[in-house]
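Novice: next one to model:
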Amino acid sequence: QSQFVESGGGLVQSGGSLRLSCAASGFSLNRYATGWFRQAPGKEREGVACISSSGDSTHYKDSVKGRFTISRDNAKNTVYLQMNSLKPEDTAVYYCAAAGQSVQNMCATTLLKTYWGQGTQVTVSS
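Specialist: This is a model prediction of the structure:
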């Protein structure tokens with residue numbers, strides 16, 4: 001059974017940091033571009049950070065550039081999102097996804113994703 005499981009969410013104060021992990025099982029993550037998406041209450045799910053299958057290309061939403069870093073360890077079949085200088089507006093459920101797409105398309109749409117994780121809540125208090 002193929003699974004994509006997020007961990008690392010939680011409650012943090014404004015300015016703090018969190019590291020999210022997403023571990024794949026039942027499939028080889030190195031075949032896919034991967035990305036982190038988030039969905040705040042009442043808003044659409046949006047792409048936050050995406051990385052190519054090899055890890056040599058990344059794409060970030062403008063509002064997180066310089067604060068968030070996406071990385072992957074294909075040997076561990078895991079993708080990470082390091083989030084620093086967190087703000088209350090970063091509060092959302094964060095999801096990981098994998099697809100055979102370009103890095104830009106990976107972040108541009110929630111469509112045509114092969115795998116989705118179940119989501120992990122990130123709450124940033126002011």
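Novice: quick one: the strands in this structure?
Specialist: 3-7, 10-13, 18-25, 33-39, 46-51, 58-60, 68-73, 78-83, 92-99, 115-116, 120-125 (DSSP state E).
Novice: how about residue 100, phi and psi?
Specialist: With angles defined as degrees, to the nearest 10, residue 100 sits at phi -90, psi 70.
Novice: list the contacts for the closest residue to residue 44 other than its chain neighbours?
Specialist: Spatial nearest neighbour of residue 44, chain neighbours left out: residue 110 (8.0 Å); criterion: Cβ to Cβ, 6 or more residues apart in numbering. Just so you know, the C-beta spots here come from the backbone N, C-alpha and C atoms, and that holds for glycine as well. By Cβ atoms under 8 Å, 6 or more residues apart in numbering, the residues touching residue 110 are 37, 44-45, 47, 97.
Novice: tally of neighbours for residue 77?
Specialist: 17 (other Cβ atoms under 10 Å).
Novice: sorry, wrong one. I was asking about residue 67.
Specialist: Other residues lying near residue 67 total 15 when counted by other Cβ under 10 Å.
Novice: quick check: closest non-adjacent residue to it.
Specialist: Nearest residue to residue 67, sequence neighbours excluded (Cβ to Cβ, 6+ apart): residue 85, at 4.6 Å.
Novice: now do residue 15
Specialist: Once flanking residues are discounted, residue 15 sits nearest to residue 85: 6.1 Å by Cβ to Cβ, 6+ apart.
Novice: will you turn the contacts of residue 110 into JSON lines that also has distance to residue 67?
Specialist: Shown next, in JSON lines, are these (distance: Cβ to Cβ, whole Å):
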{"residue": "37", "distance to residue 67": "16"}
{"residue": "44", "distance to residue 67": "21"}
{"residue": "45", "distance to residue 67": "20"}
{"residue": "47", "distance to residue 67": "15"}
{"residue": "97", "distance to residue 67": "20"}
